[in-house]
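A.B. asks: Can you look at this prediction? I've put the sequence above it.
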Amino acid sequence: MLGRAADNIFWMARYVERVENTVRLLRATALSALLTESADGGDDDTVWARPLLLTGRMSDFLARYEQLTSGRVMAYMLLDRDNPASVKSVLARARENARATRYLLTNEVWEGLNKTWLTIKDLHYVSLQRSTIDDQLDWLTERCFLFRGALFGSMRRDDGLHFANLGLYLERGDHTARFLASQPERASATDDPAAKVREYYEGTALLKALGSYRAYRETFASNLDFTRIAELLILHATVPRSLRGATDEIVNSLRTLNPTADSLKAAHELQYRLQTVQIGHVRRVGLRAFLLDFSKELDEISAQIQRDFMMVQ
Amino acid sequence: MKPPVFFDEMHSGGGVRAAYDRYAAWLHSVPQEVLQQRHDQANSLFRTVGITFNVYGEEGGVERLIPFDIVPRILSAEEWAIVESGVIQRVDALNAFIADVYNDQEILRSGIIPPELVLTNDAFRPEMLGLKVPRSVYAHISGVDIVRIDAETFYVLEDNARTPSGVSYMLENRQAMMRLFPDLFGAYAVAPVSHYPELLQDTLRAVAPRGIEDPTVVLLTPGQYNSAYFEHAFLAQEMGIELVEGQDLFVDDGNVYMRTTRGPRQVHVIYRRLDDDFLDPLAFRPDSALGVPGLLAAYRMGRVTICNAIGSGIADDKAIYAYMPEIIRFYLGHEPILKNVPTYTLRKPDDLAYALDHLPELVVKEVHGSGGYGMLVGPAASKAEIAAFRDKIKADPDGFIAQPTLALSTCPTFVDQGIAPRHVDLRPFVLSGKKTRVVPGGLTRVAMRKGSLVVNSSQGGGTKDTWVLEKPNARSRR
C-alpha cells in the first residue's frame, strides 16, 4: 500500500484510541473527585488538574480560565476546538485521516467514524449539560468500541489493518505508561484500617480508568494492592491495556509487515525486557522512571515505523 | 414574447406518459409526510456516507451536500436507445478528431475547421503531436450533457472530454433509491448501473502500454480538499486501486513508480482527475505542487498511459462544439443522431452583431468556462446584468459563444411546496477502451429553483436517480 495511506491509517487508529483514553481519564477523574469529597472533604482542585497535567494543557487552560472547576475541565477536554487535546479536536483529526484514506477503509469503518464525528461536531456545552455527562462519556466509549469492532470485523487481514493496529497499541501503551506514572507514589498499605479503605477506593478508580478492574479480580485472589496493580498493568500479557499486551501486539504487527525492519528490532528489545523483568526490580529502580522510559521507547519505535514504511519523500 | 411551453416528462395533456404510469399512481397514493420523511432519510444517508463536495470560494474544508431529489427521472427503453446510440457516436467522433489533430490533421487540411481555431487554442497541446496512444483512444471517460425539448428531440449541450465528474452521484443515487423505495423497484424493471466501476476498470486496463499483461492502475487526485474528492475515493475503492496524489508518484529512468510501504512499485495506467496544467511541473505549470515531475516524458516514451490523454480538452472546447455535426460526418460518414444547439461564435463579426442584438433571448457562455460560472441566461437576466455582459463581450468577443435559450424539459421534483416541475438535463458517462460503452442512464441534474435553467451543482442544482426501463422481456433473455 501507499506509504502515505499507511500513515493515514496509523494516525486514524491512534487518534480514536486517544479519544477513548481521554474519555476514560475524564471518567476516572470524576470518580476520584467523588471519592476525595467523601473521604476528606475535598481537594477538588488537584483532582481536576490531573487530566490537564497528563495531556500537557495546564498552562493553556490557566491562561484562559481563572478557575479549575469540574464543568470547565469537562467542557475544555471534551468540546473545545481550540484545545488540540480535546475529544472533539482529536476526533476531527481521526476523521481527516480516515477521509484521506477512505478508499482503503470498509464502509463500516468509515461511516461509523464519520457518524461519530458528525454527532460530536454539533455538540456544544449547553446540550452536554442537558443530558448527563456520564451518558455522553458512555456514548463515546461505545463509538470507540464500534470503531474497533468495524476495523477488526470488516477489514482485510492485510497491511492496512496492521498499520491501524500499530497506531492503536502505540497509543494505548503510551497512555497506560503515562497514566500510571502520573499517579502519586504509594507504598503498599499498612495495617491501618483507614489506609486500607483508601487503598481500596483509589485502587478501584485506577483499575477502572484503565478498564482492568475485572482483570485484577480474575488474576489475583487477594485484596487490592498497589504493587499487584502495577504488576498487572505492566507485565501481564493477557490484559489488553497492559504495557506487555500492547508491546506484544506491536511486535506481531511489525513481524507481519517486515521481519527485518529496524522498528521490529527495537520492539523486540522492549518485549524482551517486559518478559524478563520482575515487579520487585521495577519498584527498586523506581516505578515512575521505568514507565517514562517505556513511553520514550515507544516514541522512538513510532518514529522508526515512520522511517521504515511511510517515507513520503 | 409568449411564454415558452416546456416539455413535461411525466405528464402529457392531462394524462401520464407510459413510462411514469405506475410511479404516478404510487405518488398520488403517498401522503406528503411520507415523502418528507424519505427526503430527510436520504439526506442523513448521504451525510453519513460522506457524499459531499467542497464549494470553490469558500473556506477550505467546507463540505456541502448536493441536494438529492427523491423523484426519479424515468426514460423508456426506446428513448434511451436514441440517447445511447447518439452519445456513442459522438464520443467515437471526438476520439477520431483528437487522434487526427495530433497526427495527420486531415480535418484542418480539408478546410472543415479553420486551423487557427485548433492550433492556437489553449486546450491544444503541441506536446501531443505525433504521439501514438494505445488503441488510439484519447477520451477514455466522457460525459455528454444532454437536454430534451420534446418527445423525440435531444440536444447535446456540451461535451466533457477532460475529467468529467458526477458518476459517483449516479451510483450513490441508485443505492439510496433502492434503500428508500424498494417497492418501486419491484414494480419496475430498472436497468442496473452499479457495474460502472467494473467497466471503468476494464477500460483502463485495456489501454495499458503495449506488452503489459497485468497493469497497475491508479487514480490520481489533487487531494482531499478538491471539490470532487469524494468521487475519487469512491471510484478507487470500488475498483480496488490506489488513490494517489502527485507526491506519491515519481519518475525514474522513464518509468513511473508509486511509493509504497514495500518500496517503489511501477504504475502503468493513471486515471487522472487533475487538469493538464497541473500534471507535470517540468512540462506545464512550474508552480504545480500537485503533479509529478517528468510524467510527460514518461508518457511520451509510452511507459505509462494517462487517462484521459493530455490535450483531449481540444475536443470539448466550446468553439469546437459548433463543428461537431461536421466532425461526425467527416470521420464516421453518418448523420448525427443527437442535435447540436445552433451556436454563434462571437469571433465571427456577423454572429457577434446578431448576438448583441438578441442578448435577452440568448444564453452566452465563456469559451473556456465550466461549472455554470460566468454565463448569461438572457431571459432570466435583468437589464443591468445584460448591459454589463454586453460590455464583457465587446471587450473580448473571441472568449464567448451564444446559443438560443432552449426550452429544457421538466420533471416532477419534491420541493418545499410539494411536487412541482423543475428543469433537468442528463449526463451519460461514456467509456472508450476496446470499444465504446455506456451504462444505461447517467446523472440527471435538476435546477431546484423555480424557472431556473442552470443545473450545475455550484449554482444550487440538485440530482436525481435516472431510471432507464428495460424492454418487457429483457430480464428473462439474460
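C.D. replies: Great, that's in hand. Treat the numbers as computed from the prediction; the structure is a model and nothing was measured. Numbers count the residues shown, from 1 in each chain, chains lettered A, B, ... in the order given.
A.B. asks: Could you state which residue of chain B sits nearest its centroid?
C.D. replies: By C-alpha atoms, centre = their mean, the mean C-alpha position of chain B lies nearest to B:Gly143, the distance being 3.2 Å.
A.B. asks: List phi and psi for that one.
C.D. replies: phi -120, psi 130 (degrees, to the nearest 10).
A.B. asks: I'd guessed it sits against B:Pro428; true?
C.D. replies: Yes: between B:Gly143 and B:Pro428 a contact is recorded at 7.4 Å, counting by C-beta atoms under 8 Å. For the C-beta atoms, the positions are set from N, CA and C on the backbone; glycine is no exception.
A.B. asks: Common neighbours of these two, please.
C.D. replies: B:Gly442 (C-beta atoms under 8 Å, 6 or more residues apart in numbering or on different chains).
A.B. asks: How about the contacts made by the residue of the stretch 251-400 of chain B found nearest chain A?
C.D. replies: Residue of the stretch 251-400 of chain B nearest chain A, by C-beta to the nearest C-beta: B:Thr261 (4.3 Å). Contact analysis of B:Thr261 by C-beta under 8 Å, 6+ apart lists A:Met1, A:Leu2, A:Gly3, A:Ala6, A:Asp159, A:Phe163, A:Leu257, A:Phe309, A:Met310.
A.B. asks: Can you say which of the residues you listed are also within reach of chain B?
C.D. replies: A:Met1, A:Leu2, A:Gly3, A:Ala6, A:Asp159, A:Phe163, A:Leu257, A:Phe309, A:Met310 (C-beta under 8 Å from any C-beta of the partner chain).
A.B. asks: What is the burial count for the last one?
C.D. replies: A total of 18 residues lie near A:Met310 under the criterion other C-beta atoms under 10 Å in any protein chain shown.
A.B. asks: what kind of secondary structure is the residue in the stretch 1-150 of chain A that chain B sits nearest to in?
C.D. replies: Nearest residue of the stretch 1-150 of chain A to chain B: A:Tyr103, at 3.9 Å (C-beta to the nearest C-beta). Here A:Tyr103 takes the helix state, with states given by DSSP: H, G, I helix; E, B strand; the rest coil.
A.B. asks: ok so, going back, by neighbour count, which of the ones next to chain B among the contacts of B:Thr261 wins?
C.D. replies: Of the ones next to chain B among the contacts of B:Thr261, with other C-beta under 10 Å as the count, A:Phe163 tops at 29 neighbours.
A.B. asks: in what helix or strand does that one lie?
C.D. replies: Using DSSP states H and E, A:Phe163 sits within helix A:159-181.
A.B. asks: pull the CA atoms of that helix into CSV?
C.D. replies: The C-alpha coordinates for helix A:159-181 follow below in CSV (Å, rounded to 0.1, in the frame of the first residue of the first chain):
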residue,chain,number,x,y,z
ASP,A,159,-1.1,-4.3,5.8
GLY,A,160,-3.7,-1.6,6.3
LEU,A,161,-5.1,-3.4,9.4
HIS,A,162,-1.6,-3.9,10.8
PHE,A,163,-0.8,-0.2,10.5
ALA,A,164,-4.1,0.5,12.3
ASN,A,165,-3.1,-2.0,15.0
LEU,A,166,0.3,-0.4,15.4
GLY,A,167,-1.3,3.1,15.8
LEU,A,168,-3.8,1.7,18.3
TYR,A,169,-1.3,-0.1,20.5
LEU,A,170,1.4,2.5,20.4
GLU,A,171,-1.1,5.0,21.7
ARG,A,172,-2.5,2.6,24.3
GLY,A,173,0.8,1.5,25.7
ASP,A,174,1.9,5.1,25.9
HIS,A,175,-1.3,6.1,27.6
THR,A,176,-1.1,3.3,30.2
ALA,A,177,2.5,4.2,31.0
ARG,A,178,2.0,7.9,31.4
PHE,A,179,-1.3,7.4,33.3
LEU,A,180,0.5,5.1,35.8
ALA,A,181,3.4,7.5,36.0
